[in-house]
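Engineer: Predicted model, plus sequence, below.
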Amino acid sequence: MIGILVVAHGTLAESLVEGVSHILGKHPDALATLDFSGHADPDEWQPILQAKIAQLQQGQGVLVMADVYGATPCNTLCRVLLPEHVEGITGANLPMLLNALNYRETQTLPQLVERIVNGGRNSITHISETMCDAAKGN
């Protein structure tokens with residue numbers, strides 16, 4: 001199983017995992033968070049991030065999902081990426097995390113990364129009146 005780590009500012013990572021746990025009815029295995037708070041210095045956070053990744057490693061790699069490209073969680077992640085072993089994605093959102101959890105046991109880490117990036121793009125939708133009518137059963 002591919003381990004999944006969500007890294008983000010404030011309590012966003014924990015909130016995403018709480019949301020997915022609510023939807024699934026349980027906290028998924030091999031899923032953890034690292035919330036960056038206060039003044040976040042990549043030098044200070046790197047060993048903490050590496051330790052979290054090591055805890056999640058089960059032999060098929062670890063996917064790390066960050067909130068914002070170019071910010072400290074992502075910049076710290078950039079220091080520990082190892083292609084096909086530790087991969088990263090930015091723009092983490094609930095649909096992406098659900099997708100990662102649903103496919104992490106059937107795909108390789110590079111395949112999972114591609115699926116999640118494409119799924120993330122496709123999950124952003126303008127909610128139209130027609131969509132709302134369909135959701136209401138009209």
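Structural biologist: Everything's here; your move. Note that this is a predicted model, so its numbers are computed, not measured.

Engineer: got the contact list for the residue nearest to the spatial centre of the chain?
Structural biologist: Against the mean C-alpha coordinate of the chain, by Cα atoms, centre = their mean, the closest residue is residue 65 at 3.1 Å. By Cβ atoms under 8 Å, 6 or more residues apart in numbering, the contact set of residue 65 is 4-7, 88-90, 92, 96-97, 100, 116. (C-beta placed from N, C-alpha, C; glycine too.)

Engineer: for residue 41, same thing?
Structural biologist: Each residue near residue 41 by Cβ under 8 Å, 6+ apart is listed here: residue 72.

Engineer: do that again at 6 Å, thanks
Structural biologist: If you count contacts by Cβ atoms under 6 Å, 6 or more residues apart in numbering, residue 41 has none.

Engineer: What's the separation between it and residue 92?
Structural biologist: Distance, residue 41 to residue 92, using Cβ to Cβ, to the nearest Å: 21 Å.

Engineer: Please apply the same query to residue 17.
Structural biologist: Distance, residue 17 to residue 92, using Cβ to Cβ: 10 Å.

Engineer: Name the residue in those two with the higher neighbour count.
Structural biologist: Higher neighbour count among residue 17 and residue 92: residue 92, with 24 against 20, using other Cβ atoms under 10 Å.

Engineer: Could I get the phi/psi values of that one?
Structural biologist: Dihedral pair for residue 92: phi -50, psi 130, per degrees, to the nearest 10.

Engineer: Correct me if wrong: it contacts residue 67.
Structural biologist: Yes. Using Cβ atoms under 6 Å, residue 92 is in contact with residue 67, at 5.3 Å.

Engineer: Can you list phi and psi of residue 2 for me?
Structural biologist: Phi and psi for residue 2, reported as degrees, to the nearest 10, are phi -80, psi 130.

Engineer: How many residues are close by it?
Structural biologist: Per other Cβ under 10 Å, the neighbour tally for residue 2 reads 25.

Engineer: pLDDT score for it?
Structural biologist: Residue 2 carries a pLDDT value of 98.
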